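> Build the 3D model from these lines:
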Amino acid sequence: MQALLKLSGFIDRINLLLGKLVMWLVLAAVLISAGNAIVRKAFNIGSNAWLEIQWYLFAAVFMLGVGYVMLKNAHVRIDFISSKLSPRTNAAIDAIGIVVFTIPLSIIMLKLGWPLFERAWATGEMSENAGGLVRWPVLALLPAGFVILLAQAVSELIKRLAFLGGHRAAPFTEFETRTEEELIAEELAKEAAQREQALAAATKAH
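Numbering: from 1, shown residues only. Okay, the predicted model is just below:
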């Protein structure tokens, strides 16, 4: 199990990096969209290539970020039901859902998506719009996204099984949710408490 948990940790680190990359892709999409709109309104200049790159970035955000969302446990849940169940019951339901739904779906979509990318790559397929972009990069996102989802599903399955078997304290990876300001305030409060304890000890000694 320890070897599997190391594999899970490796997958988690990759998806954390991809999550940070996706944040920059969101910024790039916003800047390109704003710049394209300004140029079109101010100078009456338009470009299908700039429009399509926005769509490509939008697709990249969703397909490359899917593993990050699963890792952060931020996907949709029926909270009013799961909140009433024990952690072990929720972990068992998660494990069954991953095995029955997530992993098979990822494999099916990977098998369906790969030929689309392969054909676009081989033929050099271009956009039907004048001045549009080559199609294979955006079509590559489909199999890539489901490989990422499949890998993270395996990681989450390992964690759920490890939790159920008593090898982990929590069924999923826990992340710090407090803001930097809250962490700083907590550190200052600890330092103040330590100073008060030291002062009280010094006073008592005298």
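
> for this protein, what helix or strand is lowest in average pLDDT?
Least confident helix or strand, the chain: helix 79-82 with a mean of 66, by mean pLDDT, DSSP states H and E.

> Send me the next helix or strand after that helix as CSV with only the CA atoms.
Where DSSP states H and E defines the elements, the next helix or strand beyond helix 79-82 is helix 87-97. The C-alpha coordinates for helix 87-97 follow below in CSV (Å, rounded to 0.1, in the frame of the first residue of the first chain):
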residue,chain,number,x,y,z
PRO,A,87,-16.4,9.4,6.4
ARG,A,88,-16.0,5.7,5.9
THR,A,89,-19.4,5.5,4.1
ASN,A,90,-18.5,8.4,1.9
ALA,A,91,-15.1,6.9,1.1
ALA,A,92,-16.8,3.6,0.2
ILE,A,93,-19.3,5.4,-2.1
ASP,A,94,-16.4,7.4,-3.7
ALA,A,95,-14.4,4.2,-4.3
ILE,A,96,-17.4,2.5,-6.0
GLY,A,97,-18.2,5.6,-8.1
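
> Helix 87-97: how far from the chain's middle?
Computed by Cα atoms, centre = their mean, to the nearest Å, the chain-centroid distance of helix 87-97 equals 20 Å.

> Show the residue spans covered by the helices in this structure.
2-43, 48-71, 79-82, 87-97, 103-123, 136-164, 180-205 (DSSP state H).

> Could you report the neighbour count for Ile107?
13 (other Cβ atoms under 10 Å). Yep, even glycine has a C-beta here, placed from its N, CA and C like the rest.

> Surely it touches Leu149?
No: proximity of Ile107 to Leu149 does not meet the contact threshold set by Cβ atoms under 8 Å, at 10.2 Å.

> Mind listing the shared neighbours of the two?
Residues touching both Ile107 and Leu149 by Cβ atoms under 8 Å, 6 or more residues apart in numbering: none at all.

> Check what pLDDT the closest residue to Ala162 other than its chain neighbours gets.
Excluding the flanking residues, the one nearest Ala162 by Cβ to Cβ, 6 or more residues apart in numbering is Arg168, at 4.3 Å. On pLDDT, Arg168 comes in at 81.

> Who are the contact partners of the residue lying closest to Ala92 once chain neighbours are set aside?
Residue nearest to Ala92 in three dimensions, not counting chain neighbours: Leu164, with 6.5 Å by Cβ to Cβ, 6+ apart. By Cβ under 8 Å, 6+ apart, the contact list for Leu164 reads Arg88, Ala91, Ala92, Ala95, Pro171.

> Check whether the fourth one really touches Arg160, as I assumed.
Yes: under the criterion of Cβ under 8 Å, Ala95 is in contact with Arg160, at a separation of 4.3 Å.
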